[in-house]
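What shape does this take:
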Amino acid sequence: MIPRLVVLVGPTAGGKSALALALAERIGGEILSADSMQVYRGMDIGTGKPSAAERRRVPHHGIDLVEPQIECTVAMYRRYAVAALSAIHARGRVPIMVGGTGLYVRAVVDGLCPAPPADPAYRETLAREACSAGAGPLHTRLQQTDPAAAARIHPHDARRIIRALEVHHVSGRPLSAWQQQTHGLTDTWQVRQVGLLPPRDALDARINARVLAMVSAGLIEEARGLHAAGVSRTAGQALGYKELFAAFEGRWSVDEAVARIQHDTRRYARRQLTWFRHDPRITWMTPAANAGPADLLPSLLASLGR
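Numbers count the residues shown, from 1 in each chain. Next up is the predicted model:
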């Protein structure tokens, strides 16, 4: 039997977690979080982790994997996720991957390119060239070393051009050759991806209310303890924490930090939607402003062919 994977994506506060919980209970599933901040222990309120009661209802995976002082990379998450998904399937359950971290989802579904790591000095040299002369000359150079990659990368996309040139410089092989060695679950699994696209005004209102609920639940105290203990660079960029960390360091007031969390989270939701909407394999659902899991579940089951 070909393993099946349901992937539920969309913006933060868009209703993914509640819908995934209802789906898991209906089809006998287990949930894998694809959230780059829920992997950190102790970062509970600000990342919107499922409650203890929700975890008792349905097994959850991909949560509390490392201490917040440790850098959790995409490669680390992918290794864990693939093993967890295989174990869920082996138990006769349906794995449901849920999240808003597009890179985590892509790493599992499509795989990670095994290209060599960065060369910071060479990358800095290219970055300086891009700043002084623009990305055009670098793109011309890429056309000579890796025509396939150059055809896919926009001539103004300096970041991706630099990475492609860097890979060739470090390994002597073009990035396009490395990418041909990339393998994801789509090679061997039946993957169905569904996205939630709530109305923008409703989503903004939900984000604002959710942030205030997090503050009432103890977010400020949780963030204060993490700030005192210290966190890794990646964990320190988590929404809801980085704004409060700045307040604790005197850059603005706590009240202003809360307003900034709301603002930054709304912007992040836009970026999430931009990322996911580039993937034509995702089937989109547009729920009404007040729609709950019970309202959405029939349509979701239909999109999954159930």
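
For Ser176, grab the count of nearby residues.
Around Ser176 sit 18 other residues, with neighbours defined as other CB atoms under 10 Å. Using the backbone N, CA and C atoms, a C-beta is placed for each residue, glycine as well.

what are the phi and psi angles of it?
According to degrees, to the nearest 10, the main-chain angles of Ser176 amount to phi -60, psi -30.

Glu256 too?
Backbone torsions of Glu256, given as degrees, to the nearest 10, read phi -70, psi -30.

ok, how many other residues are close to it?
The number of residues packed around Glu256, counting by other CB under 10 Å, is 13.

Repeat that for Ala217.
13.

For it, list the residues it contacts.
With contacts defined as CB atoms under 8 Å, 6 or more residues apart in numbering, the neighbours of Ala217 are Ile45.

any idea how far Ala223 is from it?
Shown here: Ala217 relative to Ala223, a distance of 12 Å by CB to CB, to the nearest Å.

wait, Glu166 sits on Pro120?
No - counting by CB atoms under 8 Å, Glu166 sits too far from Pro120 to count as a contact (9.5 Å).

Just want to know which of the two has more residues nearby.
Using other CB under 10 Å, the more surrounded residue of Glu166 and Pro120 is Glu166, with 21 against 9.

Quickly find the element holding that one.
Counting by DSSP states H and E, the secondary-structure element that holds Glu166 is helix 158-171.

That helix packs against which elements?
In this structure, helix 158-171 packs against helix 120-133, helix 136-145, helix 175-179, with contacts taken as 3 or more CB pairs under 8 Å, 6 or more residues apart in numbering; DSSP states H and E.

what about the residue nearest to His168 when sequence neighbours are not counted, neighbour count?
Distance criterion CB to CB, 6 or more residues apart in numbering; nearest residue to His168, sequence neighbours excluded, is Thr145 at 4.9 Å. Thr145: 15 surrounding residues under other CB under 10 Å.

ok, now Thr274?
Neighbours of Thr274 using other CB under 10 Å come to 11.

Any chance of the backbone angles for it?
Per-residue torsions, Thr274: phi -60, psi -40 (degrees, to the nearest 10).

One more: the one 5 residues further on?
Summarising the backbone geometry of Asp279 under the convention degrees, to the nearest 10, its torsions are phi -100, psi 110.

Can you tell me which helices and strands the helix or strand bottoming out on mean pLDDT in the chain packs against?
Least confident element among the helices and strands of the chain, by mean pLDDT, DSSP states H and E: helix 175-179 (a mean of 90). The criterion is 3+ CB pairs under 8 Å, 6+ apart, and the helices and strands that helix 175-179 contacts are helix 147-152, helix 158-171.

Just the mean pLDDT for the longest one, thanks.
In this case it means helix 158-171. Mean pLDDT, helix 158-171: 94.

Also stretch 44-56?
Stretch 44-56 shows a mean pLDDT of 96 in the predicted model.

Show residues contacting that stretch.
For stretch 44-56, contacts defined as CB under 8 Å, 6+ apart pick out 12-13, 17, 21, 31, 35, 37-38, 40, 60, 63-64, 210, 214, 217-219, 222-223, 238-241.

Check those for burial and list the buried ones.
12-13, 17, 21, 31, 35, 37-38, 40, 60, 63, 210, 214, 219, 222-223, 238-241 (16 or more other CB atoms under 10 Å).

So which of the residues you listed sit within strands?
For the buried ones among the contacts of stretch 44-56, membership in strands holds for 31, 60, with DSSP state E as the criterion.

if we can go back for a sec, which one, of the helices and strands packed on helix 158-171, ends up nearest to Arg159?
Closest of the helices and strands packed on helix 158-171 to Arg159 is helix 120-133, at 8.9 Å (criterion: CB to CB).

Out of the helices and strands packed on helix 158-171, which is the most enclosed?
helix 175-179 (a mean of 19; mean count of other CB atoms under 10 Å).

Excluding sequence neighbours, find me the nearest residue to Gly225.
With CB to CB, 6+ apart as the criterion, Gly225 has its nearest non-adjacent residue at 7.6 Å, and that residue is Gly42.

right, and that neighbour touches Pro68 too?
Yes - Gly42 is in contact with Pro68 according to CB under 8 Å; the separation is 5.7 Å.

between those two, who's got more neighbours?
When Gly42 is set against Pro68 and neighbours are counted by other CB under 10 Å, the residue ahead is Pro68, at 22 against 16.
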